[in-house]
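# build me a model:
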Amino acid sequence: MSEQTRSVNVDQACRATNGWTPGEADPPRGPSLAHPGPGSAPRRATLATPPASSAGPPAPGAGPSLTSVPDAGPFPGPGATPAGAGDVGRRLSARRAELGLTRETVAARAGITPGYLRYLESRPSATPGAGALIRIADALDTSVSALHGGDADLPPGAGRAAAHSELVALGPEECRTRLSTHGVGRIALHTSDGLLVLPVNYSVVDGSVVFRTAPGSAPAAAVGSRVAFEVDHIDEALSQGWSVLVQGHARAETHPDAVRRLDALAHSAPWADGPERDLWVCVAEESISGRRIVVR
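Next up is the predicted model:
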């Protein structure tokens, strides 16, 4: 089957199910197979007979799926960011994973089909129309500006405090649970230039916070001293969040076997200049504490 014929067939499938064809800016929100109008009974979509192709008849079972998108490639698993997604698609996927929502749930809230949402999350050229993007942003408890990256240069926590909130202490085990296995946190240390607080990509290995940096860099000055490491999360929509603080002595790990093990267990290389940052710094936990803002 030629690519042109395949595209036509998929367009027919999408149009048959929800009145939208890939490439259109904004799908209609009106009655569809997924959202039939009042008093309408669900119906089974049927595909038109494929037009003849000079390449001969298609192989058995080669017809398009109702949820397929031309040339979209394999779709990622739950919580994964599609490799070929555009900026909006990546932010859609990341926000959905952050909230723990399925594609079907978000689609139902936004009044679109899961196939269209999958298309947006998977195609770098996908540009949803204003109406669809507003509904998707509302379904994800975020803003259109955030999905476009408009708040990327602003600090988190720009919203107002909730009317009834309370600061609650976290126990050691809950702190370790929230510290998790990896993320981005802040290392606080004394240097010859004074007190510094610097962001680092970290992992947790054998109960210690570990991160890679470059020899002679500011984070490397933590080696041999007592430091503090902090990680937090802010829920913008609910004006609540939590923070965890680890205190302990930092040391450099230089044994070849230990370095290879850390290289293998680390979730990610440093986001900045990863190959050049080959000094492993380990912060052994001596104390751990945390706090959480609860909205009543």
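# any low-confidence regions in the protein?
Applying pLDDT under 70 to the chain picks out residues 1-86, 150-159, 237, 274-275.
# and the strands in it, which stretches?
Taking DSSP state E to define them, one finds strands in the chain at 165-170, 182-191, 194-205, 208-213, 226-235, 240-253, 279-283, 287-295.
# the last one: partners in the sheet, and parallel or antiparallel?
Sheet neighbours of strand 287-295, with direction, are listed as strand 165-170 (antiparallel), strand 240-253 (antiparallel) (DSSP bridges).
# got the ones you listed as a markdown table, with mean neighbour count and distance to Asp263 columns?
C-betas here are computed from N, CA, C, even on glycine. What follows is the strands paired with strand 287-295, written out as a markdown table (neighbours: other C-beta atoms under 10 Å; distance: least, C-beta to C-beta, whole Å):
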| stretch | mean neighbour count | distance to Asp263 |
| --- | --- | --- |
| strand 165-170 | 12 | 31 |
| strand 240-253 | 18 | 11 |
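# among the strands of the chain, which is the most enclosed?
strand 208-213 (a mean of 24; mean count of other C-beta atoms under 10 Å).
# give me the angle between it and strand 194-205.
Here the directions of strand 208-213 and strand 194-205 differ by 110 degrees (axes from the mean of the first three to the mean of the last three C-alpha atoms, to 10 degrees).
# elements contacting strand 208-213?
strand 194-205, strand 240-253, strand 279-283 (3 or more C-beta pairs under 8 Å, 6 or more residues apart in numbering; DSSP states H and E).
# circling back: how about the strands of the chain, which one is nearest Thr113?
strand 226-235 (28.6 Å; C-beta to C-beta).
# for the closest one, output the C-alpha coordinates as CSV.
Below are the C-alpha coordinates for strand 226-235, written out as CSV (Å, rounded to 0.1, in the frame of the first residue of the first chain):
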residue,chain,number,x,y,z
ARG,A,226,29.8,19.2,56.4
VAL,A,227,27.0,20.2,53.9
ALA,A,228,23.3,20.4,53.6
PHE,A,229,21.3,19.0,50.6
GLU,A,230,17.7,20.1,50.0
VAL,A,231,15.0,18.8,47.6
ASP,A,232,11.4,20.0,47.3
HIS,A,233,8.3,20.0,45.2
ILE,A,234,5.6,22.7,44.7
ASP,A,235,2.0,22.1,43.6
